[in-house]
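1. Quick check, what structure comes out for this input:
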Amino acid sequence: MKQYKIFILALVALLFLMVGCGGNSEPVPNIQIDNWNENIVTQNVGKKILLVFCSTTCAPCQQELPVIQQLADKKIEDVVILAIARGQMSDIKKIAAKYSFKFLADSTDEAIDKYKVTGLPTNVFLDRQGKESLRKVGFNNETPDDYIALLNKIP
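-> Residues are numbered from 1 along each chain as shown. I've put the predicted structure just below:
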């Protein structure tokens with residue numbers, strides 16, 4: 001019975017980790033959000049893009065953002081980090097002031113809807129052609145090196 005419980009727990013953990021992982025080869029949607037009128041994908045063709053979907057009221061998001069800053073501090077060549085935040089603009093500005101990577105406000109949830117984000121935080125990794133390559137949902141005390149490992153999986 002004990003082995004059965006361990007097996008079930010391991011299976012549930014594996015399924016949890018797989019949710020949202022693995023990308024598709026579909027082009028990602030073009031979005032226009034509150035404070036940025038440029039196309040995220042076409043402006044950054046040739047670079048890997050990490051989209052960090054977060055919220056000003058999400059505790060795991062606030063835990064992840066300093067780790068994303070540590071990643072940004074590594075100044076990895078040809079990697080663009082963009083946080084797409086939901087919340088009040090004044091709150092987004094307060095949080096964004098703490099970090100060096102760009103924050104974009106998504107007050108209408110346009111980006112969240114178009115990227116089919118179902119939980120926060122969500123990280124969407126785009127390849128050099130602007131196609132979704134990987135997706136990570138949640139924050140489990142990852143380190144900058146964990147994000148680097150994911151970025152290295154992207155062609």
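2. so what's the residue most central in space within the chain bridging to?
-> By CA atoms, centre = their mean, the chain has its centre lying nearest to Asn123, at 1.8 Å. Beta-bridge partners for Asn123, by DSSP bridges, are Val52, Lys136.
3. Touching stretch 141-155 from outside, list them.
-> 48, 50, 63-64, 67-68, 70-71, 74, 76, 79, 123, 125-128, 133-134, 136 (CB atoms under 8 Å, 6 or more residues apart in numbering). Yep, even glycine has a C-beta here, placed from its N, CA and C like the rest.
4. re the thing from before, which residues does the residue nearest to the centre of the chain contact?
-> 50-53, 134-137, 147, 150.
5. Pipe those into CSV and attach neighbour count per row.
-> Listed next are these as CSV, based on neighbours: other CB atoms under 10 Å:
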residue, neighbour count
Leu50, 24
Leu51, 23
Val52, 24
Phe53, 24
Leu134, 18
Arg135, 21
Lys136, 22
Val137, 18
Tyr147, 25
Leu150, 19
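6. Just the element for Glu142, please.
-> Assigned by DSSP states H and E, Glu142 falls within no helix or strand.
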